[in-house]
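A.B. asks: return a 3D structure for these sequence lines:
(chains A and B)
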Amino acid sequence: MKLFNEPSPLETKIISFRFGLENSASIDTYLAHDGYKALRKALEISPDDIINELKASNLRGRGGAGFPTGMKWSFVPRASEKPKYIVVNADESEPGTCKDRLLIQHDPHQLIEGCLIGALAVGAKKGWIYIRGEYNYLIHIMDKAIAEAYKNGYLGKNICGTDFEFDLYTHTGAGAYECGEESALLESLEGKRGVPRIRPPFPAISGAFQSPTLLNNVETFSSVPAILRMGGQAYADLGVPRSGGTRLVCMSGHVNKPGVYEVPLGFPLMKFVNEIGGGVWKGRALKAIIPGGSSSPLLKAEECDIPMDYDSIAKAGSMLGSGGLMVMDETTDMVKVALRIMRFYQHESCGWCIPCREGTTWLKKMLQRVSDGHGQTRDIDLIGDLAQNMMGRTFCPLGDAAAMPTIAIVKKYRNEFEEYVARNPFASPELVSIA
Amino acid sequence: MALVNVTINGVQVQAENGALLIEVAKQNGIEIPAFCYYEGMSLQAACRMCLVEVEKAPKLMAGCTLPVAEGMVVRTESEPVVKARKTTLEFLLSNHPLDCPVCDKGGECELQDMTFKYGVGESRFTEIKQHVPEKQWSPVVFYDAPRCILCYRCVRVCNEGMGVGALGVSYRGVNAEIIPSNGDHLECDECGSCIDICPVGSLTSGIYRYKTRPWEMEHVGTVCTHCSNGCKTTLGVRNNEIVRGNNRDKSGINGEFLCVKGRYAFDFTQHPERLQTPLIRNAAGELEEASWSRALKLVAEKFKALAGPDFGVIGSTRTTNEENYLLQKFARTALGTASIDHHRTGDVVTLIDSLSGKTGQLATAEDLYTSKAVLVVASDLSQQQPLLANKIRANVRHHKAAVYTVTPGPVREDKIARKAIRIAEADSLAGVEQLREALSKEAELVIIYGDAIQGEKVRQLVAFGESLGIPVKYVALVDYANSRGALDMGLLPDLGPGYHATAPGRSLQQMLDDPKLAALWVVGSNPLKGGKSLASTNAFVVVQDLFLTETAQRADVVLPAASAYEKNGTVTNVCGQVQRLKKGIETVGSKADLAIIGLLARGMGVNLGKVDADAIFAEIAASVPGYNQLPMPVILTGGAVQTHPVNGGVPPSSVPGIIASARDTLFTTGSLTRYSKILNEVLEKPGALYS
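C.D. replies: Numbers count the residues shown, from 1 in each chain, chains lettered A, B, ... in the order given. As a prediction, the model looks like this:
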């Protein structure tokens, strides 16, 4: 299968090394390239050993929140009256993110193997891969791979000749961004409306069908076989302290060579853009970078000289998030960026809680008005204030995801909003304050 | 449960470990405002009004889902909390139409109250509001989506409270709205609980909308006159017209629960066919209007002349205890007859006899909410006994009670039952026997049975219950608002008040069948319903009723009676709980049955003493076993008290009577409901609840 982009020599290919191989999605190719070796190793060691390897690997969740994976796995209770489940979050919907798609398209067996190791670690016998509705073609690829795995004795009963059994199914979403939030995903998986659940309890205690559930992102599960093959410590050493291993970064926007590249955690951001991405396109200067999907606050060009790991980017006031890196050149209109982002979140807000439902709508209407040239000076403060009023007050992180980039854009590019307002002949300066 | 120390606003309080903060605050007199939180329903954490500051928490926490823990320090009125509330309300109001002046809810709207207390005075919203047209989902339910704040109370009350699940949420984000079960309309119980529970004016009642402002009504707490459950309903009365029924103070045995009848079916009082003047059959054989004085004089004379053993009296299952008591006393003394009966709908008598010598084995409505197990035998509770069904559902939800059903067809309780036995009514006891093992493992049990269990079968059922070796209580189901009171007050051919033996007379059917019957006095009953006829063609028939029923059409004199909403008195519900009726309105031309009996006695020169509800109730309390120890303060303030019927066995009956429930549904209760426009409208599209 043809690759989306040419690989770069600067990449460290740990989970993407089979990308581009002939028939890379087939089990034969997989088996010829270290396939299911990690599973055999996992079958020989205890669940605790598996989890300890993961803890040693410093693997952090690749879905966006970056929670330490080993710790998450250890939360699933060992003894449970109820069955335990594995759920893979393949509802990749964060704007700017397209890595899970490649992992399923090019290497579905790696994901299956990751699920199997997860099942061994927590004692699950059943799992689902919840695939984004728009990724319809991936469901066929995944189903085919699952069928191959059953046929070759890697799924079903007596896996690899042991008494280990595991069944894996695909399940399709219906096009809601909200269902990428793990508890909303579980609601949707159970056939209900995709709105988040009250937490605690977390899925590890009460997830799918009120049973203990191990729920991780595609890339997280896909990283597990490599960790077991090379050892947790060796994997951790690829990255930086507290951010182990490599991850797929999806570079898009105004760069010469957009694409999905695997780099170690802690890889310098500017080196990534300039050397792997071939620099900002058309010879223009860099204006800003969104480092981890549209919900992460953007970084101004001068803030971008940092390594790409969870802690460094957090220190810079943003998030590594889902790895959706968006590059904007000097011509980018920040008011339009804010509007585009808010339009997405307004459209995707599930409506469950008031601040998100009403806040995103109000903000979208205001940003639209400012962008249309009817903005008032007070609107600029109000946009920032409303976003601030959503922050931390919503039921799930979607509200924060909408608020964070807005707050950052208004703060960092206030002048551009002022320029819009200045072009409005009916602008009035008065400000109505709340409280 | 362990107690923990929690500090709220600087005051240290003790609370049960794990209790919800919002409840702990309430118990200590601190309000944490909320829309979506509703006691007894599942948690939502959706409205974000209850955000409070908790020390060591990185952000504001929702008080409605936060379990308290030792050492927790909470601030509910700090600056960030106050600001968060203001902004949440600002968000809410951004899309809420500010049509309060024409909104039904204006004046009793939680959003108004919250905005008044916690909101800001001005709006910064200058954009265009989202609008969608109002929808009508059923004759009684209207939904205005823009007013909706999506607190999901209606969805929960329908699903969890009623067990119907006719409401859901559709679309998303700002377009999200509540949707009915069948695309554009509701097929449900039409109970209106969703309207009652709505904190804003989004769900409105087809009966009440645009009729009045809430503060223009008088609120009269009385008892619903339809089925036997005896729900307290608060009538909203404006200009001598009932415009609304709900239980706004959540008091009484039903809390805020009401079914379609209690909430809407008061409209029969206004029905155009309502009798408002007495009718006398003229020489041409037609009923013609007459004055009260003429009618009373005629009836009194006739009664005096015809008094004796061939005089038949049929009482009502809806009239008050006082009326029933006075009726049988008047009949047994002044009219000299023992032929007194009413439409019997359940075998309470045998149950009381079977339990003789035992105490505390008659269940109250509350017992159905607290008992660890409930057995339903041969009754479709959700259709015929909606409050009792609701209590059981709440018991399952809150206490995980074990429910068992033995019914001939599918019932809603099946869904929550541990075991549901499907068996012909005649074989119900065999079905019950199949549950012996499971039931004997329960800690306690309430057995509810319908009219299929009567006579010997009641004794067998009680013997079964007593053999389980666990505490068992019983409910003999009856149909109407005062069916139980009619029995207790001795509207029976061989039993007087308190089930004392009296000289035997004719049963209801025997009266209808007896060609020698000289007179028949029917008070609030319709024994000729369904094409039945009176064998005695010469009998002088007097009927007291609200409408010209089949029986009234056969009458020689018809006296227009007042309904239960038009008089004071007491009624006794299916569980033997006595409650007070309070007069809400007056219908010109009608008289309460009590007053009619008193006037007839006076016309006949009979001294019945003082004839008013309080005086008669005092007489009942003094002379009827079971009614003699009722704490009056509870009854007078709208509470319910269970009677303690005789405890020494009921004398065996020598008069064969018929016990037959009318098998009503949620939308019918005897002849009365035919005259409810709203029930008829709802009935035109009957719900397919079990499909």
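A.B. asks: is it correct that residue B:610 falls within a strand?
C.D. replies: No. With DSSP: H, G, I helix; E, B strand; the rest coil as the criterion, residue B:610 is located in coil rather than a strand.
A.B. asks: what residues does it make contact with?
C.D. replies: In this structure, residue B:610 makes contact with no residue, judged by C-beta atoms under 8 Å, 6 or more residues apart in numbering or on different chains. (Glycine included, C-beta is placed from N, CA and C.)
A.B. asks: quick one, phi psi at it?
C.D. replies: Here the main-chain torsion angles of residue B:610 (degrees, to the nearest 10) amount to phi -80, psi 120.
A.B. asks: check what pLDDT it gets.
C.D. replies: As predicted, residue B:610 sits at a pLDDT of 92.
A.B. asks: could you pull out the strands for the stretch 301-450 of chain B?
C.D. replies: Counting by DSSP state E, counting those that start in this stretch, one finds strands in the stretch 301-450 of chain B at the ranges B:311-314, B:340-341, B:373-377, B:402-407, B:419-422, B:445-449.
A.B. asks: which parts of chain A sit against chain B?
C.D. replies: If contacts are counted using C-beta under 8 Å from any C-beta of the partner chain, the residues of chain A sitting beside chain B are A:176, A:178, A:193, A:198, A:346-355, A:357-362, A:365-366, A:369, A:382, A:386, A:389, A:392-395, A:432, A:434-435.
A.B. asks: one more pass at 7 Å, please.
C.D. replies: By C-beta under 7 Å from any C-beta of the partner chain, the part of chain A that sits against chain B consists of A:193, A:198, A:346-347, A:349-355, A:357-359, A:361-362, A:365-366, A:382, A:389, A:392-393, A:395, A:432, A:434-435.
A.B. asks: for the closest residue to residue B:278 other than its chain neighbours, give me its contacts.
C.D. replies: Excluding the flanking residues, the one nearest residue B:278 by C-beta to C-beta, 6 or more residues apart in numbering or on different chains is residue B:295, at 3.6 Å. The neighbours of residue B:295, taking C-beta atoms under 7 Å, 6 or more residues apart in numbering or on different chains as the test, are B:278, B:280, B:557, B:559.
A.B. asks: now with 8 Å, please.
C.D. replies: Counting by C-beta under 8 Å, 6+ apart, residue B:295 makes contact with B:278-280, B:557, B:559.
A.B. asks: and it, what element?
C.D. replies: With secondary structure defined by DSSP states H and E, residue B:295 is part of helix B:292-306.
A.B. asks: first-to-last residue distance for stretch B:437-455?
C.D. replies: Length of stretch B:437-455, first residue to last, C-alpha to C-alpha, to the nearest Å: 25 Å.
A.B. asks: just the closest residue of the stretch 451-600 of chain B to chain A, please.
C.D. replies: Residue nearest to chain A within the stretch 451-600 of chain B (C-beta to the nearest C-beta): residue B:470, separated by 27.4 Å.
A.B. asks: ok, that residue touching residue B:447?
C.D. replies: No. Under the contact definition of C-beta atoms under 8 Å, residue B:470 does not touch residue B:447, with a separation of 11.2 Å.
A.B. asks: neighbour-wise, which of the two wins?
C.D. replies: Neighbours per residue, other C-beta atoms under 10 Å in any protein chain shown: of residue B:470 and residue B:447, the larger number sits with residue B:447, 27 against 16.
A.B. asks: the more buried one bridge partners, please.
C.D. replies: Per DSSP bridges, residues listed as beta-bridge partners of residue B:447: residue B:375, residue B:474.
A.B. asks: name the residues of the helix or strand of chain B with the lowest mean pLDDT that come out as buried.
C.D. replies: Comparing every helix and strand of chain B by mean pLDDT, DSSP states H and E singles out helix B:677-684 as the least confident one, with a mean of 80. When neighbours are counted by 16 or more other C-beta atoms under 10 Å in any protein chain shown, the buried residues of helix B:677-684 are found to be B:677-683.
A.B. asks: ok, of those, which one's closest to residue B:219?
C.D. replies: If you rank these by distance to residue B:219 using C-beta to C-beta, residue B:678 comes first, at 20.2 Å.
A.B. asks: how close does the nearest residue to that closest one once chain neighbours are set aside sit to chain A?
C.D. replies: Counting by C-beta to C-beta, 6+ apart, residue B:264 is the residue found nearest to residue B:678 once chain neighbours are left out, at 4.6 Å. As for residue B:264, its distance to chain A is 30 Å (criterion: C-beta to the nearest C-beta, to the nearest Å).
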